Structures are given as structure tokens and as C-alpha cells.
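S.K.: this is a predicted model, with the sequence first.
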Amino acid sequence: MKERPKIDLGMTGYDELFMNDQERAENRLPKIYDIPLTEIDDFPDHPFQVRLDEDMDQLVESVKERGIITPITLRKKDDGRYEIVSGHRRRKACELAGFETIPAEIKELTRDEAIILMVESNLQRSVILPSEKAFSYKMRLEAMKRLPGRPAKENVRPVGTDLIGVRSDEQLASESTDSARQIQRFIRLTYLLPEILQMVDDGKIALRPAVELSYLNDIEQQDLVEAMDLAMATPSHAQAIKMRNFSREGKLAPEVIESIMYEEKPNQKEKINIRYEDARRYIPSSVPYDKTGEFIMKALEYYHRHLERQRDDAR
């Protein structure tokens, strides 16, 4: 294993006085170091999953063939170790490929600056689960609120939390694909029990009803999990609103939840539930999450035509 490099995070303006233009330009380029994997820790409370799926298999093969093309970003800790700001998947791919070191850029960042950069870099992923957005948006807004010059609490929005300042969520919205209101909805998901949040990630519960359910307390949510198991169904938006209203009045008993869950939904139709992670291994990585249903329907149409051709050939 290579001896740990001595990290120099930059030269002073005085040093640059004795450089020519080319040396100054080279000095300002990011410095890349080979850091042992054993000295790198995960980012605390990292909200994005590192999934061992087909995409990871492809990344491992790419790393074996070409190495790491884009260095990961690290932050040096007080104990001399490093934590990942950007590049958890690349670090895991190196580990699976049998590498001992990984190329990395070391940045001097405060905890809040690191959180903001971590969220920014991970929101570029092609597939992001609702739970990942929920916790990453919450972490970033908390960090933005603590930065020097940020306003104190000034939440005036009906769906948001006390952590969200008007300027903070609007600034975040301007840098993401979600509106400020949508960001607030995602953050509400962090109040759901893990079992219900998993149903949101699996596409069994839509965002809007999930937001309403997030206002139920933990006991009420646990009663709802049991009622959903019995009814083999999830609540509609209207049912979720009804539960929230009963909860606000202190009347959401288990039998009330069960009664609501057994109500016939308007235009109710039978549905087939498929776990997203089960279907994903048959879907190309180029297909975005919101196009999964469309891809599955096209695959079924293709298979149907295949069966028809087989029947025609057998005649």
C-alpha cells in the first residue's frame, strides 16, 4: 500500500508572485491524490443508497477496464481520516474491483458546505428515490440555514417544516428540478415510518397521499400499516386526507383507519403491484424512473406479438 501522501491544499498568494503564468495556472488546477480506501469513511447520514444492482455491475467493469475517470471528492476529518463528499458509488466500485486506492480531490469544507456539495452532486443521478430526495433536501436546507448570512426561521408555507426559510427553499428550487412547494412535500416524507416510506419508494403510495399520511403520529401510522396489510391496499389521496382530519381531531382509532381502508375508491380498478427493484434488473439503465411503467407496457406488447407469431408458426 502506498504511503499516505502529504496533502497540500494550495499555495499562498505570496508564493505565486514567483511563478510564471503557466505555473500559476497549473497551481490552481485541482490536485488529485491516490487515497487508500481503508482511510475513507462514508458521509454521516448519507441519504443516497449505494445499490448493488446492474448499474453497479457496469460501473465495476468500467473501473476495471479504465480506472476512475472522475476523481471522488473528499473532506479531511479532524482525526486525519477522510470522508466522502461526492463519489460513494465510485468508492464502492473500486472496492468491488479489488483496488486499494482511489484518485481523489481533497477540499477544505465546513460541515455545512460539505452537506450542500454532497446533495448537489448526488441529485445528478439518473434514478433518485423519493426517500433520497426527502432526506437530502432536508439536510441541505438545514445546512443552508446555518450558513453565515442566512435568515432566521421565517416559514410561512402551509406544508413546510420549521427548518425551511422562504429564501432558502426558493433558492434550492432554482437549483433543482423541483419547485419550492414540491421540495416541501418531499421533506414531509421524512416524518413517515420506514415501512410506509418504503411503499412510497416502491411506487405503491403516491407523493400527495404520502404527504397527508406524514401528519399522523407514529402509533397511527403503525395502525395504518396493519390496516393496509389486512385490506391489501394503500390509501388514496382522499382517504389520506380523511385520516389526517380524524387525526387532527384525536379520533383516528384503529377501527376508524380500518373502516376508511375498506371504503371502495371512486373508479377503483384492480392493480398489479411490482416491486421496483425486482423489475429494475430487466430494465436498461438509460430508462429513467418515471418512464419505467411505459417501458414495461412496451415490453409486454412485444412479448404479446412474440406469442402471436409462435401460434401462427405452429398452425
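M.R.: Nice, thanks for sending it over.
S.K.: how does the protein divide up, domain by domain?
M.R.: The domain map for the chain lists 1-109, 128-191, 193-261, 282-314, with the assignment taken from automatic domain parsing.
S.K.: now these in CSV, with distance to Ile116, mean neighbour count and mean pLDDT?
M.R.: (Each C-beta comes from the backbone N, C-alpha and C, glycine too.) As requested, the domains of the chain are arranged in CSV below (distance: least, CB to CB, whole Å; neighbours: other CB atoms under 10 Å; pLDDT from 0 to 100):
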stretch, distance to Ile116, mean neighbour count, mean pLDDT
domain 1-109, 9, 15, 80
domain 128-191, 5, 17, 73
domain 193-261, 24, 17, 94
domain 282-314, 24, 11, 81
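S.K.: how about a markdown table for the ones you listed, with distance to Asn122 added?
M.R.: As requested, the domains of the chain are exported to a markdown table (distance: least, CB to CB, whole Å):
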| stretch | distance to Asn122 |
| --- | --- |
| domain 1-109 | 5 |
| domain 128-191 | 7 |
| domain 193-261 | 16 |
| domain 282-314 | 15 |
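S.K.: for Ile102, list the residues it contacts.
M.R.: Contacts here follow CB atoms under 8 Å, 6 or more residues apart in numbering; on that basis Ile102 touches 34-35, 37, 40, 68, 71-72, 87, 90-91, 94.
S.K.: which of those residues sits closest to Glu195?
M.R.: Among those, Arg91 lies closest to Glu195 (CB to CB), at 29.7 Å.
S.K.: do you know how far the closest one is from Ala238?
M.R.: 45 Å (CB to CB, to the nearest Å).
S.K.: sticking with the residue nearest the centre of the chain, tell me its helix or strand.
M.R.: With distances taken as CA atoms, centre = their mean, the chain has Glu132 as the residue nearest its mean C-alpha position (2.4 Å). Using DSSP states H and E, Glu132 sits in helix 130-146.
S.K.: helices or strands up against that helix?
M.R.: helix 111-122, helix 166-174, helix 180-188, helix 194-201 (3 or more CB pairs under 8 Å, 6 or more residues apart in numbering; DSSP states H and E).
S.K.: 10 Å instead?
M.R.: helix 111-122, helix 166-174, helix 180-188, helix 194-201, helix 207-213 (3 or more CB pairs under 10 Å, 6 or more residues apart in numbering; DSSP states H and E).
S.K.: Throw those into JSON lines and include distance to Thr292, thanks.
M.R.: Conversion of these to JSON lines gives the following (distance: least, CB to CB, whole Å):
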{"stretch": "helix 111-122", "distance to Thr292": "20"}
{"stretch": "helix 166-174", "distance to Thr292": "25"}
{"stretch": "helix 180-188", "distance to Thr292": "19"}
{"stretch": "helix 194-201", "distance to Thr292": "13"}
{"stretch": "helix 207-213", "distance to Thr292": "16"}
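S.K.: out of those, which is closest to His304?
M.R.: With CB to CB as the criterion, His304 lies closest to helix 194-201 of the helices and strands packed on helix 130-146, at 29.6 Å.
S.K.: compute the inter-axis angle for the closest one and helix 180-188.
M.R.: Computed by axes from the mean of the first three to the mean of the last three CA atoms, to 10 degrees, the angle separating helix 194-201 from helix 180-188 equals 140 degrees.
S.K.: gap between helix 194-201 and the chain center?
M.R.: Helix 194-201 has its C-alpha centroid displaced from the chain centroid by 13 Å (CA atoms, centre = their mean, to the nearest Å).
S.K.: got the contact list for it?
M.R.: Helix 194-201 has contacts (CB atoms under 10 Å, 6 or more residues apart in numbering) with 49, 129-132, 134-135, 186, 189-193, 204-207, 209-211, 213-214, 216, 221-222, 224-226, 228-229, 234, 273, 275-277.
S.K.: now do whichever strand or helix holds Tyr302: distance to the chain's middle.
M.R.: In this assignment (DSSP H and E), Tyr302 forms part of helix 292-314. Between the mean C-alpha location of helix 292-314 and the chain-wide mean there is a distance of 34 Å, by CA atoms, centre = their mean.
S.K.: ok, now stretch 110-120?
M.R.: Mean-position distance between stretch 110-120 and its chain equals 15 Å (CA atoms, centre = their mean).
S.K.: and the helices in the stretch 1-150 of the chain?
M.R.: Secondary structure of the stretch 1-150 of the chain, counting by DSSP state H, counting those that start in this stretch: helices at 13-16, 21-27, 54-66, 88-97, 111-122, 130-146.
S.K.: off-centre distance for the longest one?
M.R.: For helix 130-146, the separation from the chain centroid amounts to 10 Å (computed by CA atoms, centre = their mean).
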